[in-house]
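Colleague: Next come a sequence and a model predicted from it.
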Amino acid sequence: MPRSRTSDSFKSRKDITPVSDTDLFFQAFEKPTQIYRYLKTRFISSPLFLHRNLSYLKGRTTRNNKNRSTFKVDNILSRIQNKDQKPNENDNLIIGFISFNDSHLQTNYVKVDTKLEKVSYKRRKESAMAQNQIRIGESRVIVNTDNNGTDKLPAVCVSATEFDRLGDNVQTTYQLTFDIESQPYTGGTANEEPSNKYSCYSKTYHAELPVFDKHGRNLLVNGLYHVTALERHAFRPSHMLCWENFPSEADQHIADWAEEVNKYYFAEDDSNPFVTFDKTPKIQLYMEWTRSKITGNNYIPRPKFITDQHNNNNKENSTTTHNGQANSTLNGSLSNGHDKSDLEIVPRKPFIFQFIVNNSTKQRTEERNDFICPWCALNCIRIYSLMKHLKLCHARLLFQYIEDGNKARIDVYINEMYDGSYSGAPHDVLLGSQRQSGPTRRNVVTNIMVFRPRRPSFKMCEFQEVDDGELEQQRQYISGHNRIYYHSETCIPIMPKELDYDSEGEPDPKWLQRTTKQMIDEFTDVNEGEKELMKLWNLHVMKHGFVGDCQIALACDLFLKEKGLELLEKNLYRNYIVHLDSMFNYGLISPQVIYNNIRALNNILKENPEQLEKMKNARKFQLSKPKTQTKEVEKKKPETQEQSNRSSKDEKPSKSGKAENKEKANTAKATTKHNEMNNGVSSNAKLKNNLSLKRKLSTA
Amino acid sequence: MIKIETKPSTNNNNNNNNNSDIESDNDSSIISASTGRSENSTATNRKSLKGKRRLKSKTKPNLNKQVKTLYRFNCFVTEDNPKQIFAVQFCHFLKNRNIFATASGYRISIFECIEDQNENEDEDDEEEINEDFCGIKLLRAYDDPDRDEVFYTLAWGFEGNCPIIAFGGVRSVVRAIYLNYRNLKEKKFIGHTNAINDMKFHPTQPQLLLTASKDHSLRLWNIKTEICVAILGGVSGHRDEVLSLDFDINGRYCVSGGMDHNLKIWKLDTEEMESAIESSETFFNVKRVRSFPTLHVHFADFTTRSVHRNYVDSVKCFGETFLSKSCENCITWWKVGNLDEKFNLISNNATTIHSFDVDDCELWFVRMELDLSQRFLCVGNSTGKIFMFDLNSEMPTEKPSILSHYKCTKPIRQISFSRDGDILICVCDDGKIFKWDRKE
């Protein structure tokens, strides 16, 4: 639509530009226009935001919150019922006369005689039309102004019985005719004295308004009507349409009449029908279908919107109430005290769009008075809103507002710097697979928690300079957030919703536990008891992620709390003591810690007497065995703790700690103890998770 | 992303539009005896041959003695821009139509095998049709916008009544296109960090797709809910590219082979896996605050390195035994455990039952194929011959029948059988698609 509009306007340009220039122009502006036309349609089908919520488009809010305080839920039903009340067959038609307009007329009042005309079409003989008129009433109507200072309107009522449509099967049209007589009105209360200055001749006008067509369809809705009235001698009944052929000389007078009408009313070569409409005499009516009848003596209360509307009556060619209502509220909000501070009231100036390509080619549109965006047909109501809208919503183009006396001009350039790159969430690009037909909501990457910038006052001067197309203020809100993150394990993109949850929170996944155990089991140079303790201890350290020497004491406490019972069940009491001992030897823990740990362990033992019993039995069993019995590797569970210690000792006599080398050849008891130390050393080495350290120790 | 390139065209102008080179002589079923080991095709190998390959001169079956083939050459077509065709798959879910798809370069083409309907057609140029008739008709082609993409593999699935074609390649994105929709409906699955080498749909749960990738892992996807259900690989997974995979016919386990010479069997009926699959069904995209807890299976249930000494580029489940192929001039038939053991995954060793010898098959990334009834086992070689073993015959292990055509000289990457086994399609490195028909 915008394109056709512009192209239309170029045809009528007086400066005939070379074809190449026009081509250049089309080339330059075609793409953005196409894009914005597409976006317009898309916006209609699924809007991203509402224009009326924009601060610079406040005028578009057509409702206010006045009714909120008095709102009741029950009112909704009655309101809807009122709205739904369509004129049905039992309704009376009330006609209120607002005014009669004819600039040539000098009187103050006219007499309007309202009649209802029935025209019946018989099926057989269409030519013979039964016609009868019913007189409805007579009213006194004010001329050339619609504000008579009172709240009453002269009115007549056509009762429902007159529209006797269900009677027979003849097709009947109903139309209202208004005979308007401008002779000085003499009767009545208003004692108007006809001014003698003006020639006091009488004029009669005639106006028609169809109510039901011949198929019985209601043509009138509630609202305000402007009905053209023509002078009696110039009027032809509308059921004889004037573009009939004039077959004979007899009808010559009809042709004369048409000519005369044209000469009289359409004298100007302006073919704008609205202008013509403005100039012809017309009568303003208010129509309402209602159940009730007029109660007073042919007066009805003046409908509210008419009073508000009189300001721009001459401009607006509104024919229905809806337009009138919209206008009234618009004006209302314009004059709101709240808005007044922000708004620089710019007088309505006609303006043109001037398209500039390469700083030379200029194409202009016709002068316009409406503030409708040519690309998206959005009525911006004010020039400021229009400019702001153009600037923000049509960033592919640059706009500059230039005021020139009584007229204004908007220069349109192509924005060479337009950055069409995608600036939203990268998820939409990467995971566009859910995309169905039509636009969908974007993935949100940022949350605006509080954002209330100082609004600049709305001044037209911000459009007076053409900027170079850098949208500096728009980008910074999302900078740094338009990147995509991936789960480290699955390499699947992290959706914005998932960002809060740490999927990598587990330091000891099951597979790692399993692998650790497997690897410890594969050692050949430690006994079973040691392996068990190493597994327990290493998994414990892995789970809690102890990293420093200073944390060892804490690790020991925690270890006993969590694994103490398991330790005893596996009969690793002594292994643990040795482990503590070796840690002490390496200076990792203080004697205090050892003391506390052993106490804690003993406490657990006390609380679980069965464990104590178990340990005693194991000890007895070990002591009862000959010391020289076991030489081979025992693949037993660690109940035989001392035995396995021994076996380990026997097999690997060289694997001893640095301080214990001299004790090697001592007594059996000493050897056991020494061995325990040895176990501890190896455990400690595993604590560091460092096999090589252990090997180093053993070779030392 | 992908546009439909070619609309289905009519029989008559099909040949001119889509297929530049058509050979159609129904009677030229040529069975040429192999004249010994010929040079490896040096033309367009995807990856160079591995140096470690064992060149063992085996006693070849006596190929001079002809074996009667069961298939007869029908026709061949050449793709528009001849590229290596790495994959061909028949859609086995359609009863009445023989539709297959090929993956070549950045293009997935869908063809239909059509019958010569001379007697039914009452057109004027009936005779010409007979001459120009080609049994392969292009239905659609999907191009990836990225011209560097090379699709290595594709698989057919379905969801409801809609056939799905899934494919993947160099760019490590698994794509699935729903073919019944008027508009392009595609899903993509991001997660693999390197090229996709193979993929298959689960035999009993059609929403599950298993993919094998160069990133040393396999992934199980739920196509319906777009979830990565599980990752098979890690601590005791493959140590190099996974090249091939196959499901057990009941979907209880899957077997994978890779460049690390390993064959691994992964159980899919474990408690963890079943619950993961189950929860993936009800885990919807919209509501998720956390991502789906993808199951990591680090430990294969069975691993063997003893079957092959080179890349394992094709593997098939065959009952409770397995057929696998490396670039060692043979297809190996093996089972888990000793010969007399029942199938279990506890044992550590694998026993080779038999080796099917194939000539000139040292090129890797060549897939063997079994038809649906598991009667014919066939594999192409690097000189364009198809070796077919009839497993139903009395001595299936003796000698293969060889299908060859004088125009078919380049390595055959994959072969596919139609649902009823009547049609065999093989694809070559020079972009040719050959159609062979079953003899009556």
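Modeller: Happy to help now that I have it. If you're wondering where the values come from, they're calculated on a predicted model, not measured in any experiment.
Colleague: For the rest of this, base every contact and every neighbour count on C-alpha atoms.
Modeller: Noted.
Colleague: Tell me the spacing between A:K563 and chain B.
Modeller: Using C-alpha to the nearest C-alpha, to the nearest Å, we find A:K563 at a distance of 27 Å from chain B.
Colleague: and that residue, what does it touch?
Modeller: Neighbouring residues of A:K563 by C-alpha atoms under 8 Å, 6 or more residues apart in numbering or on different chains: A:L536.
Colleague: Let me know the distance separating it from A:N608.
Modeller: To A:N608, A:K563 is 14 Å away according to C-alpha to C-alpha, to the nearest Å.
Colleague: so A:V156 sits in a strand?
Modeller: Yes. Remark: A:V156 belongs to a strand, assigned using DSSP: H, G, I helix; E, B strand; the rest coil.
Colleague: And it, how close does it get to chain B?
Modeller: In terms of C-alpha to the nearest C-alpha, A:V156 sits 62 Å off from chain B.
Colleague: measure that residue to A:N298 for me?
Modeller: Relative to A:N298, and taking C-alpha to C-alpha, A:V156 is found at 6 Å.
Colleague: Which one's more surrounded, the two?
Modeller: Comparing A:V156 with A:N298 by other C-alpha atoms under 10 Å in any protein chain shown, the one with more neighbours is A:V156, at 23 against 18.
Colleague: ok, that one touching A:I94?
Modeller: Yes. The pair A:V156 / A:I94 is scored as a contact, 6.0 Å apart, by C-alpha atoms under 8 Å.
Colleague: which stretches of the stretch 151-300 of chain A have low pLDDT?
Modeller: A:151, A:164-171, A:183-202, A:232-276, A:294-297 (pLDDT under 70).
Colleague: What residue in it comes nearest to chain B?
Modeller: With C-alpha to the nearest C-alpha, the shortest gap between the stretch 151-300 of chain A and chain B falls at A:R217, namely 43.5 Å.
Colleague: Give me the phi and psi angles of that residue.
Modeller: phi -90, psi 140 (degrees, to the nearest 10).
Colleague: Looks like B:K137 contacts B:E115 (just checking).
Modeller: No. Using C-alpha under 8 Å, B:K137 is not in contact with B:E115, being 10.2 Å away.
Colleague: Comparing those two, which residue is more hemmed in?
Modeller: More neighbours surround B:K137 than the other of B:K137 and B:E115, with 22 against 11 (other C-alpha under 10 Å).
Colleague: Return the list of strands paired to the host helix or strand of that one, each annotated with direction.
Modeller: In the assignment (DSSP states H and E), B:K137 maps to strand B:136-143. Counting by DSSP bridges, the strands paired with strand B:136-143 are strand B:3-4 (antiparallel), strand B:107-113 (antiparallel).
Colleague: Single out the most deeply packed of those strands.
Modeller: strand B:107-113 (a mean of 21; mean count of other C-alpha atoms under 10 Å in any protein chain shown).
Colleague: so for it, what's the average pLDDT?
Modeller: When pLDDT is averaged over strand B:107-113, the result is 93.
Colleague: re earlier: mutual contacts of A:V156 and A:N298, please.
Modeller: A:S139.
Colleague: Name the residues of stretch B:83-96 that come out as buried.
Modeller: B:83-92 (16 or more other C-alpha atoms under 10 Å in any protein chain shown).
Colleague: Export only the CA atoms of that stretch, formatted as PDB.
Modeller: Presented in PDB, the C-alpha positions along stretch B:83-96 are these (Å, rounded to 0.1, in the frame of the first residue of the first chain):
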ATOM      1  CA  LYS B  83      29.900 -36.400  -5.900                       C
ATOM      2  CA  GLN B  84      30.700 -39.300  -3.700                       C
ATOM      3  CA  ILE B  85      27.500 -41.000  -2.500                       C
ATOM      4  CA  PHE B  86      28.200 -42.300   0.900                       C
ATOM      5  CA  ALA B  87      24.800 -43.700   1.900                       C
ATOM      6  CA  VAL B  88      21.800 -45.200   0.300                       C
ATOM      7  CA  GLN B  89      18.800 -46.500   2.200                       C
ATOM      8  CA  PHE B  90      15.400 -47.900   1.200                       C
ATOM      9  CA  CYS B  91      12.500 -46.800   3.200                       C
ATOM     10  CA  HIS B  92      11.200 -50.100   4.500                       C
ATOM     11  CA  PHE B  93       8.100 -48.700   6.100                       C
ATOM     12  CA  LEU B  94       6.200 -48.200   2.800                       C
ATOM     13  CA  LYS B  95       4.500 -51.300   1.600                       C
ATOM     14  CA  ASN B  96       3.700 -50.400  -2.000                       C
END
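Colleague: which outside residues touch it?
Modeller: B:44, B:98-105, B:151-158, B:163, B:413-419, B:425-432.
Colleague: measure stretch B:172-184 end to end?
Modeller: 21 Å.
Colleague: Any idea how far it is from the middle of the chain?
Modeller: On the basis of C-alpha atoms, centre = their mean, to the nearest Å, stretch B:172-184 sits 19 Å off its chain's mean C-alpha point.
Colleague: Just confirm B:I331 contacts B:C361, I think it does.
Modeller: No. Look at B:I331 against B:C361 with C-alpha under 8 Å: they stay out of range, at 9.7 Å.
Colleague: Could you report the neighbour count for the residue of the stretch 151-300 of chain A closest to chain B?
Modeller: Neighbour count of A:R217, defined by other C-alpha under 10 Å: 10.
Colleague: From B:H298, how far off is whichever residue of the stretch 51-200 of chain B sits closest to chain A?
Modeller: Closest to chain A within the stretch 51-200 of chain B is B:G191: 4.7 Å, counting by C-alpha to the nearest C-alpha. Remark: distance between B:G191 and B:H298 (C-alpha to C-alpha) = 17 Å.
Colleague: Good, we can wrap up now.
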